[in-house]
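1. sharing a model prediction with you, sequence too.
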Amino acid sequence: MGAVAYDQDLYSWSLEQAKFLRERRFDQIDWEHIIEEIEDMSKSEKRALQSFLETLLMHLLKWRYQPAYQGRSWKFTIIEQRKRIIGHLAENPGLKSKLPDVIEVAYGYAVSGAVRETGMAMATFPETCPWEYEQFMDADFWPESAE
C-alpha cells in the first residue's frame, strides 16, 4: 500500500494512486478504495442528473400551476436546466438508459419542492410526471396554465 491513508487525506491519496497506476505499480494500489471511488463517481453523476431534472420539473410545475408568478427568473431556470441536462447526458451517455428511473425519482422531489415553494396541496399536482422527456426538454415547450 501507499504512504497516504485514504481516510486521512483523500486528495493526496488520489494523486498517489494515480501515480501508481501511471507507473504500473499495481502492487501498491489500494484496490478496495479505488473500486469504491469509481462506483461513487457513477452515483455522483446520476445524482447530478437527478438534481438538474428535479429543478427543471419543479419549475415547469410552478409555471403550470402558478401562471401569475411566471417571470424571467423561472424562465431562465428552465432554460438553464435544459442546457445542463443536455450537457450532462452528452458527457455521460450511459445515463440515458437510466432516464425513466431518474425522472421518476426527480419528479417526486420536484412535487415536494413545488408544494413547499407554492404552498399548494400535494394533491394539486399529478402523481406521475405529466410530460414525456422529449416534451419537457423541447425548448419550445412551456406548460399551459392549469387554471
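-> Happy to help now that I have it. Since the model is a prediction, treat every value here as computed from it, not as a measurement.
2. following the lengthiest helix in the chain, which helix or strand comes up?
-> When the chain is parsed with DSSP state H, its longest helix is helix 31-65. Using DSSP states H and E, the helix or strand that follows helix 31-65 towards the C-terminus is helix 72-91.
3. kindly provide the distance from the residue nearest the centre of the chain to Leu95.
-> By C-alpha atoms, centre = their mean, the chain has its centre lying nearest to Leu49, at 2.3 Å. Distance, Leu49 to Leu95, using C-beta to C-beta, to the nearest Å: 5 Å. Just so you know, the C-beta spots here come from the backbone N, C-alpha and C atoms, and that holds for glycine as well.
4. and for Thr55?
-> The gap separating Thr55 from Leu95 is 16 Å, by C-beta to C-beta.
5. give the contact list for Lys83.
-> For Lys83, no contacting residues are found, by C-beta atoms under 8 Å, 6 or more residues apart in numbering.
6. mind checking the SS state of the residue of the chain positioned farthest from its centre?
-> Residue farthest from the centre of the chain, counting by C-alpha atoms, centre = their mean, is Asp27 at 36.2 Å. Three-state assignment for Asp27 (DSSP: H, G, I helix; E, B strand; the rest coil): helix.
7. and His88, what is it in contact with?
-> Taking C-beta under 8 Å, 6+ apart, we find His88 in contact with Glu45, Ala48, Leu49, Phe52, Leu95.
8. can you rerun that using 6 Å?
-> By C-beta atoms under 6 Å, 6 or more residues apart in numbering, the contact list for His88 reads Leu49.
9. going forward, begin numbering at 33 instead of 1
-> Sounds good: first residue 33 from here, last item His120.
10. give me the pLDDT value at it.
-> On pLDDT, His120 comes in at 98.
11. next: Tyr38.
-> Note on Tyr38: pLDDT of 89.
12. which element is it on?
-> Using DSSP H and E, no helix or strand contains Tyr38.
13. poorly predicted segments of the chain, please.
-> For the chain, applying pLDDT under 70 flags the ranges 33.
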